[in-house]
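J.: let me see the structure of the following:
(one chain, ligands or ions: 1)
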Amino acid sequence: KKIAVLVSGRGSNLQTIIDNIENGSINGKIEVVISSKRNAYALKRAANHDIEGIYIGKENYPDVDSRNDKLIEVLKKREIDLIVLAGYMSILNKRFVEIFKNKIINIHPSLIPSFCGKGYYGSRVHKAVLDYGVKLTGATVHFVDEGTDTGPVILQKTVEVDFNDTVETLSKKVLKIEHELLPLGVKLFCEDRLHVEGRKVKISMS
Ligand code: GRF
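T.: Below is the predicted model of the structure:
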């Protein structure tokens, strides 16, 4: 399968996908990495592995719809089968999501539907988890639909929240889970083992 990874930051989730392709676990190829931030370290990671990196963001496409049109053009030209959002912090409009329906997966650092949606991203998620005082949090891999963090859930895994946890310690624990779940979700997609039935996702054994 041809994969595109959309990023905005340091790219540690991108790195785990690259590593899992290179060790043979994922039967796919990252054709392009697209960043919404010109100097995201994720673009350096792509370059380190001879993967094409492209900046498409506010500076060169200030209008959201023209930015999405450019993204669609780039992805269609490369006949992308799977779009992975790995810490991608830019808006995908309705047209984009419809064109690539059930071909976009995202990683969110909580157990959806808790602590997600508008405003819940990055360390804000872990701060909300700590402020609420829940005993379990985790990560979710899900298909992207027109909402924010609302698409069908593919995989989830929990981590325990300890009384002395801080945003720093908790985000490290959750990131470790993200680095397990996202490559697994990509692997299952590449092996055609994900079947969406309404809101639910069935994972077939082979
Ligand atoms: C991760 O914390 C992830 O939960 C969120 O954005 C961050 C991406 O980190 N989606 P990285 O750029 O993959 O290291």
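
J.: for the residue of the chain found nearest the ligand, which non-adjacent residue is closest in space?
T.: When CB to the nearest ligand atom is the measure, the chain has its nearest residue to the ligand at residue 87, with 2.5 Å between them. Placement of C-beta: from N, CA and C, glycine included. Counting by CB to CB, 6 or more residues apart in numbering, residue 87 lies nearest to residue 9, which is 4.8 Å off, once chain neighbours are set aside.

J.: phi and psi next, for the residue of the chain closest to the ligand.
T.: The phi and psi values for residue 87, taken as degrees, to the nearest 10, are phi 70, psi 30.

J.: so who does it touch?
T.: Contacts for residue 87 were tallied using CB atoms under 8 Å, 6 or more residues apart in numbering; they are 7-11, 13, 42, 107.

J.: any of these buried? List them.
T.: When burial is judged by neighbour count using 16 or more other CB atoms under 10 Å, the buried members of the contacts of residue 87 are 7-9, 11, 13, 42, 107.

J.: may I ask which two of these are separated the most?
T.: Spatial extent of the buried ones among the contacts of residue 87 (CB to CB) is set by the pair 42 and 107 at 13.4 Å.

J.: burial of the closest residue to residue 51 other than its chain neighbours, as a residue count?
T.: Taking CB to CB, 6+ apart, and ignoring the residues beside it in sequence, residue 51 has residue 30 as its nearest neighbour in space, at 5.2 Å. A total of 22 residues lie near residue 30 under the criterion other CB atoms under 10 Å.

J.: what residues does the chain have near the ligand?
T.: In this structure, the chain approaches the ligand at residues 7, 9-14, 42, 86-87, 107, 109, 122, 175, 178, judged by CB under 6 Å from any ligand atom.

J.: understood, closing this out.
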